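1. Sharing a model that was predicted from the sequence below.
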Amino acid sequence: MIKKISYCLIFGLFFSITTSGMEYNSNRIKYHSHLHSESSYQHAWCSAHNGIEEYENKDKTRIDCLTCTHAVEFDFANKWAESIGQAEHYAFMTGKKGMVVLILENPKKEMIYFKRVKTLGQIYNFDTEYVTLDILNITNGKCQYKDCKCNKYK
Ligand SMILES: [Zn+2]
């Protein structure tokens, strides 16, 4: 019995270290590699899908993009887990289908996060898509959105 408990403690400790290590890594991705603002991807995708940006729900939460069929949440890959909760909440608030659009600035490294979200979407009935830098039509390192951080810092 005691042996079993201590095994659990050790395993639990090991697991918490591994988990916090993962969080640390995802934060590093966040601070080091986001060249453009999340809103720029949102602008590009939402206008292409004739959606309404920043649609306000009755509970004052805001949907990144509301289309005629979907309530859509945008997030960078490292926020894949939060994106699901938000998309599901927006679906509940609007009666539309939830959708997560995950932003992959480094698709080779980050596709694993999209696959996670996609798998959960098939089980829990929300749609998933990903976008990459391509959607921003970048020329000379800058996108067309004035509120993007690529246009604020030189
Ligand atoms: Zn930009």
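-> Cool, got the structure. Numbers count the residues shown, from 1 in each chain.
2. Now find how far off-centre the helix or strand hosting Val117 is within its chain.
-> Assessed by DSSP states H and E, Val117 sits inside helix 107-124. Computed by C-alpha atoms, centre = their mean, to the nearest Å, the chain-centroid distance of helix 107-124 equals 10 Å.
3. Could you list every helix and strand in contact with it?
-> In terms of contacts (3 or more C-beta pairs under 8 Å, 6 or more residues apart in numbering; DSSP states H and E), helix 107-124 is packed against helix 80-94, strand 97-103, strand 127-131. C-beta here means a position set from N, CA and C on the backbone, and glycine is covered the same way.
4. Phi, psi for Phe76 please.
-> phi -70, psi 160 (degrees, to the nearest 10).
5. Residues in a beta bridge with it, which ones?
-> Going by DSSP bridges, Phe76 is paired in beta bridges with Ile103.
6. Counting neighbours, what do you get for it?
-> Number of residues near Phe76 (other C-beta atoms under 10 Å) recorded here: 20.
7. Pull up the gap between it and Thr94, please.
-> 23 Å (C-beta to C-beta, to the nearest Å).
8. now swap in Asp64 and tell me
-> For Asp64, the distance to Thr94 - C-beta to C-beta - is 12 Å.
9. Get me the contact residues on the protein for the ion.
-> Residues of the chain lying near the ion by C-beta under 5 Å from the ion: His36, Ser40, Cys143, Cys148, Cys150.
10. As JSON lines, those residues with pLDDT and neighbour count would be great.
-> Shown next, in JSON lines, are those (pLDDT from 0 to 100; neighbours: other C-beta atoms under 10 Å):
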{"residue": "His36", "pLDDT": "95", "neighbour count": "22"}
{"residue": "Ser40", "pLDDT": "97", "neighbour count": "24"}
{"residue": "Cys143", "pLDDT": "95", "neighbour count": "22"}
{"residue": "Cys148", "pLDDT": "95", "neighbour count": "19"}
{"residue": "Cys150", "pLDDT": "91", "neighbour count": "18"}
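11. Tell me which of those fall in helices.
-> Judged by DSSP state H, those include Ser40 as members of helices.
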